[in-house]
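Asker: Generate coordinates for the sequence data below:
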Amino acid sequence: MAKTVLLKIKRQASPEAKPVWEEFELPWKPGMNVISSFMDIAANPVTRDGKATTPIVYDSNCLEEVCGSCAMLINGRARMACSALIDRLEQPVRIEPLSKFPVVRDLSVDRSVLFENLKRVKAWIPVDGTYDLGSGPRVTPTQQEEQYPISRCISCCCCMEACPQFNESTNFVGAATIAQAMLFNEHPTGKAIKEERLRALMGDGGIQECGYAQNCVEVCPKDIPLTKAISKVGGDVMVQAVKDIFRR
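Answerer: Predicted structure coming up:
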């Protein structure tokens, strides 16, 4: 008997539609991952019980765990679909959209809240003007080694999905935003607006909302030291708050 793969996928035709579950049974192939399974369904969109349906809607791009777009819940865990190998997953494989972001359709969700949070903390290097600014400040190899792990963030939002503090009640910005604030605060040019970033993390939804559950660092596909970044930024925020008090 030919080996098969059973997928149970949560689908939603539109943001307002009621979600439904559909099951698919596919022929097993060596090296199958969740994304390749979606491609097989698209080639023959028929459910396990023989009902014609539509291809699965999902986000993906690089298929190399670099772009961060294919994050979803796979067997209840936030992870990247491109690197989720079928042979390593318990069947039936339950696939759902990330639960803390508005559903666009099926497994595609609106993660723009992350980018709004990054804008909130000014997660960029300020460079004004169109003239030649020169080579810029030097960064030592030691500094590069320290900053590189944080720079690996792919904006997948897995850390935010797993965080119990990231919800509508707290407006917590999440670990990814805090880590990026640290990255740019440590950059020689980025330090120019370090105080502004720290003040942005003092208010509603800021660093004080973190419960240090450490779920974020457990699910991060790039092994970013998120808890270390949160701890460092938390200390910097406290120092900045004290400085602001004595400046009044």
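Asker: From now on I want contacts and neighbour counts done on CA atoms only, so please keep to that.
Answerer: Noted.
Asker: shaky segments in this protein?
Answerer: Applying pLDDT under 70 to the chain flags residues 1, 129-131.
Asker: can you give me the strands for it?
Answerer: All strands of the chain, identified by DSSP state E, fall at 4-11, 20-27, 71-74, 77-80, 93-96, 103-105, 108-109.
Asker: Could you dump those strands into CSV with distance to Ile35 and mean neighbour count added?
Answerer: Compiled in CSV, those are given as follows (distance: least, C-alpha to C-alpha, whole Å; neighbours: other C-alpha atoms under 10 Å):
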stretch, distance to Ile35, mean neighbour count
strand 4-11, 12, 19
strand 20-27, 13, 16
strand 71-74, 11, 24
strand 77-80, 9, 24
strand 93-96, 11, 21
strand 103-105, 16, 20
strand 108-109, 13, 23
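Asker: could these be laid out in CSV, adding distance to Gln144?
Answerer: Below are the strands of the chain laid out as CSV (distance: least, C-alpha to C-alpha, whole Å):
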stretch, distance to Gln144
strand 4-11, 42
strand 20-27, 46
strand 71-74, 28
strand 77-80, 27
strand 93-96, 37
strand 103-105, 38
strand 108-109, 34
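Asker: quick one: which of those is nearest Ile125?
Answerer: Nearest to Ile125 among the strands of the chain is strand 71-74; the distance by C-alpha to C-alpha comes to 27.1 Å.
Asker: partners of that closest one, with directions?
Answerer: Applying DSSP bridges, strand 71-74 is found paired with strand 77-80 (antiparallel), strand 93-96 (antiparallel).
Asker: Could you list the residues in contact with the first one?
Answerer: The contact list for strand 77-80 (C-alpha atoms under 8 Å, 6 or more residues apart in numbering) reads 65, 68, 70-73, 98, 158, 161-162, 219-221.
Asker: mind redoing it with 6 Å?
Answerer: With C-alpha atoms under 6 Å, 6 or more residues apart in numbering as the test, strand 77-80 has contacts from Cys70, Ala71, Met72, Cys158.
Asker: Quick one: residues contacting the first one.
Answerer: Neighbour list for Cys70: Asp59, Ser60, Met80, Ala81 [criterion: C-alpha under 6 Å, 6+ apart].
Asker: Then the third one?
Answerer: The neighbours of Met72, taking C-alpha under 6 Å, 6+ apart as the test, are Ala78, Arg79, Pro97, Leu98.
Asker: Distance of it relative to Tyr148?
Answerer: Separation of Met72 from Tyr148 (C-alpha to C-alpha, to the nearest Å): 25 Å.
Asker: cool, the second one as well?
Answerer: For Ala71, the distance to Tyr148 under the criterion C-alpha to C-alpha works out to 22 Å.
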